[in-house]
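**Q** Sequence and computational prediction follow.
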2 protein chains.
Amino acid sequence: MHKRLRLGGHGLFPAGRDPEERCTTDERRIPEATVARLPLYYRALVEVAEQAVGTVSSEQLASLAGVNAAKVRKDLSYLGSYGTRGVGYDVDYLMREITQELGLTQDWPVLIVGLGNLGRALANYRGFGARGFRIVALVDADPEKVGQCIGEMTVETLGDLPAIVAERRVAIAVIATPAHAAQEVADRLVEAGVRSILNFAPAVVSVPEGVSIRKVDLATELQILAFYQQHREHV
Amino acid sequence: MHKRLRLGGHGLFPAGRDPEERCTTDERRIPEATVARLPLYYRALVEVAEQAVGTVSSEQLASLAGVNAAKVRKDLSYLGSYGTRGVGYDVDYLMREITQELGLTQDWPVLIVGLGNLGRALANYRGFGARGFRIVALVDADPEKVGQCIGEMTVETLGDLPAIVAERRVAIAVIATPAHAAQEVADRLVEAGVRSILNFAPAVVSVPEGVSIRKVDLATELQILAFYQQHREHV
DNA sequence: CGGTGTGAAGCCTTTCACAGCA
DNA sequence: TGCTGTGAAAGGCTTCACACCG
C-alpha cells in the first residue's frame, strides 16, 4: 500500500478547501531537510547491500551517511515505519522504499545546456547517469558548437529546445552556460516545459512557481571555505 | 576599527566562562546561513558597482541576490551597521567590508586532486579563479596522468602532496577523484596541512575537528530534483 | 519620508530521552 | 535486551513589524 504525499504550499491546490476534507487528507509531508538526505541514505544502502547484509541499524546507516542516528530514525519515520525494533531496517525493503520515494524507478531524461568546459565534463561524466538519469540532449547557442560530437551525442541548437524537450520528454535540465546567459536559458527551458533545473552558472536565476531550481556554485563554495579558513587563521 | 569575530562552538574556548565576562565579551558570531549568503551579496555588489551607483537599498540587493530584504538587513547587521537609514548601503564601503570578511583580499592557492573529466574541467574553468582563488597544483594518483599538461600546469604525483602543500602554501583543496579514493585523499590532504576541502566525489568524507569540508554532489542534486518532480507529477 | 536596525514571534530542524515492541 | 519510533525540548533561521534616524 502506498500513500500519497503532499508537498509544500506551492499553490497547486485550490486555496479554500473544506476543512473536513483537509483533516481526512493523508497529510504526510516530508521536510525539505529530510528529502535532501534521502540520496545519502540511498547511497549508504547501496553500499550495505553490496555486502549482502540483511539489516542495518540507524547507527550504522548514520555513520555511512555521515549524519547522526537520531536524524536517520526521524527521517525514515517520515517515509513510514519500516524498521523492526530491536533489529534495525531490512536493507532491501528500505532501499526499495527510498528508490520509490526519490523516483529512481523511472527513467529521467536529462538535457544539458551550454557546452563549455564544465558542460562537456558533465556530458562525459559517468556516474552522473547514476541510476535513472540519462543525458538525452546537448544544446548550445553558439553555432560553432552546434554539430560537434561529444561522447556519443551531437550538440544541437538552442532554437530546437521546444521540440527536443517535448519529443524526448525532458523533465530535468542542467544549465552550464556563462552567467549572463543563465536567466534567458532558464526562461526558455521553462517555456519549453522543463520543470526541474540544476544551475551551474554563477548567477541568480528565478523561475515561476511550480518549477524547481537548485544551484551548484563553485565560486560560492570556495568563498565560504575561505571565510572559515581566514577566521581560523585569525584565531 | 575592526572587531574580532568568534566562530561556532568548536570548543576552542574553555566551557565554564564567568557570566560577567561573557557579557562584556564582544561576542559577534556570524550564523552559518549568513556566511553562505555573503558570496551572493558580494556578487550582487559587483554588479551594482559596475553601474557606478553609489548606494543600494536592502530591497535592491535582495532582488539581485535572490533573497528577501529582511534577510539582507539582518545578515548585514551581523557584519556591523554599515547602512544609512533612509538611504541604503554605500556600495564601495559595503563591498570592502564583505571582501574583507570573506577573506577575498588575500590570495588563496588551490590544489586539485584527481584529473578525470571533472577535475580537468575544473582546472580549466575560468571564473573559478574568480577573485583570489588561484590553482597552483594538479595532483593524481595514476602514473599515466602524472606528467600530462592541462592548461598551463603539469600533473604531479600524489606522493608529493606534503611538499606541494607546504611550498605553495595551499590552504584549500578540491577532491575530484572517484568516490572510493576520496577518504584516503582527504586524510592525506589533512596530514599535509590542508584545512579546507571541497569534495566533488560522491562519497561521505570525514575530517577531524578544525578542518572544513563542503561537498558538491551532482547525483544528489539530481535526485532531489527528481523527488520533487515526481511528487508534482503524481499531484 | 524612506530605509535601516532589531527585538520578538513563528517556523523548521535537530537533538534528547524514553516508551514500546520484536 | 536492543533498537526503533516519537513526543517534547532546544536551537537556529526567517519573517514580521516598527522604532529610530538621516
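**A** That came through, no problem. Numbers count the residues shown, from 1 in each chain, chains lettered A, B, ... in the order given.
**Q** Okay, now the unreliable bits of chain A?
**A** Scanning chain A for pLDDT under 70 picks out A:1-27, A:127-130, A:235.
**Q** Would you map the strands across it?
**A** Along chain A, counting by DSSP state E, strands occupy A:55-56, A:83-84, A:88-90, A:108-113, A:133-140, A:149-150, A:153-157, A:172-175, A:196-199, A:212-215.
**Q** Out of these, the one nearest DNA strand C is which?
**A** When the strands of chain A are compared for distance to DNA strand C using Cβ to the nearest atom of the strand, the nearest one is strand A:83-84, at 5.2 Å. Bear in mind the C-beta positions are built from the backbone N, C-alpha and C, glycine included.
**Q** Give me the distance from the closest one to the chain's centre.
**A** Centroid separation for strand A:83-84 versus its chain: 27 Å, with Cα atoms, centre = their mean, to the nearest Å.
**Q** ok, that strand near DNA strand C or not?
**A** Yes. Strand A:83-84 reaches DNA strand C (Cβ under 7 Å from any atom of the strand) through A:T84.
**Q** circling back: from the strands of chain A, which stretch is densest packed?
**A** Comparing the strands of chain A by mean neighbour count (mean count of other Cβ atoms under 10 Å in any protein chain shown), strand A:172-175 comes out on top with a mean of 26.
**Q** Report whether that strand contacts chain B.
**A** Yes. Part of strand A:172-175 sits near chain B under the criterion Cβ under 8 Å from any Cβ of the partner chain, namely A:I172.
**Q** Tell me which strands that strand pairs with, and in which orientation.
**A** Strand A:172-175 has the following sheet partners, assigned by DSSP bridges: strand A:108-113 (parallel), strand A:196-199 (parallel).
**Q** of all those strands, which lies closest to DNA strand D?
**A** strand A:196-199 (18.5 Å).
**Q** Using JSON lines, please lay out the strands of chain A together with distance to DNA strand D.
**A** As requested, the strands of chain A are exported to JSON lines (distance: least, Cβ to the nearest atom of the strand, whole Å):
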{"stretch": "strand A:55-56", "distance to DNA strand D": "7"}
{"stretch": "strand A:83-84", "distance to DNA strand D": "3"}
{"stretch": "strand A:88-90", "distance to DNA strand D": "4"}
{"stretch": "strand A:108-113", "distance to DNA strand D": "28"}
{"stretch": "strand A:133-140", "distance to DNA strand D": "28"}
{"stretch": "strand A:149-150", "distance to DNA strand D": "38"}
{"stretch": "strand A:153-157", "distance to DNA strand D": "38"}
{"stretch": "strand A:172-175", "distance to DNA strand D": "23"}
{"stretch": "strand A:196-199", "distance to DNA strand D": "19"}
{"stretch": "strand A:212-215", "distance to DNA strand D": "15"}
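**Q** quick one: which of the ones you listed is nearest B:G147?
**A** Smallest distance to B:G147 across these (Cβ to Cβ): 26.0 Å, for strand A:149-150.
**Q** Domain map for chain A?
**A** Domain ranges of chain A: A:17-101, A:108-221, per automatic domain parsing.
**Q** gap between the first one and the chain center?
**A** Here the centre of domain A:17-101 is set off from its chain's centre by 17 Å, with Cα atoms, centre = their mean.
**Q** Export the strands of chain A as TSV, with columns for distance to B:T99.
**A** Formatted as TSV, the strands of chain A follow (distance: least, Cβ to Cβ, whole Å):
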stretch	distance to B:T99
strand A:55-56	47
strand A:83-84	49
strand A:88-90	48
strand A:108-113	32
strand A:133-140	34
strand A:149-150	38
strand A:153-157	38
strand A:172-175	27
strand A:196-199	24
strand A:212-215	22
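**Q** on that earlier part again, could you redo the strands paired with strand A:172-175 as JSON lines and give each row distance to A:V46?
**A** JSON lines is the format used below for the strands paired with strand A:172-175 (distance: least, Cβ to Cβ, whole Å):
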{"stretch": "strand A:108-113", "distance to A:V46": "18"}
{"stretch": "strand A:196-199", "distance to A:V46": "22"}
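**Q** Any idea which of those strands gets closest to A:A36?
**A** Comparing the strands paired with strand A:172-175 by their distance to A:A36 (Cβ to Cβ), the top pick is strand A:196-199, with 13.8 Å.
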